[in-house]
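[1] just need the structure, nothing else, for what follows:
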Amino acid sequence: QVQLEESGGGLVQTGGSLRLSCLLSGRTFGNYAMGWFRRTPGKDREIVAGISGGGLSTTYADFAKGRFTISREAAKNTTHLQMNALKPDDTAVYYCAATSWFHDISTGRADYWGQGTQVTVSS
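    The predicted model follows:
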């Protein structure tokens, strides 16, 4: 059974940066594409970014392009989301997800989900 544990959320001012991390345990890290999603009250969950199992392919939501970077650190079974130039609209609970198929990330599907970490950007 895959378990995902997010960390790195918090409160930051507009224009600031945060790095979210997601530790995968229970299965072989390289077998899973990883993704970050977010949800704000009153809105559906939306994709932020995804990365393939080997790390060679990535996908980003339009709002994330140029500001966010997803990466994976195989030696630590960890996926990161570096978020720069944060805006109040980025305030949300961010969820890490793992799936066997990279294509699933862009369609919002995943096999496993983390509990989420709150990101709050103050104006």
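[2] at which residues are the strands of this structure located?
    3-7, 10-13, 18-25, 33-39, 46-51, 58-60, 68-73, 78-83, 92-99, 112-113, 117-122 (DSSP state E).
[3] got the end-to-end distance for stretch 36-54?
    Start-to-end span of stretch 36-54 (CA to CA, to the nearest Å) is 16 Å.
[4] what's in contact with that stretch?
    With CB atoms under 8 Å, 6 or more residues apart in numbering as the contact definition, stretch 36-54 has outside contacts at 20, 22, 30-35, 57-61, 64, 68-72, 79, 81, 90-97, 102, 105-106, 108, 110, 116, 119. (Each C-beta comes from the backbone N, C-alpha and C, glycine too.)
[5] how about a cut-off of 7 Å?
    With contacts defined as CB atoms under 7 Å, 6 or more residues apart in numbering, stretch 36-54 is touched by 20, 30-35, 58-61, 64, 68, 70-72, 79, 81, 91-97, 102, 105-106, 108.
[6] ok, of these, which come out buried?
    Burial by neighbour count, judged by 16 or more other CB atoms under 10 Å, picks out 20, 32-35, 58-61, 64, 68, 70, 72, 79, 81, 91-97, 102, 105 from those.
[7] so which residues make contact with the helix or strand of the chain at the bottom of the mean pLDDT ranking?
    Among the helices and strands of the chain, helix 102-106 carries the lowest confidence by mean pLDDT, DSSP states H and E, at a mean of 90. For helix 102-106, the external contacting residues (CB under 7 Å, 6+ apart) are A33, G35, I47, G50, S52, S57, T59, T99, A110.
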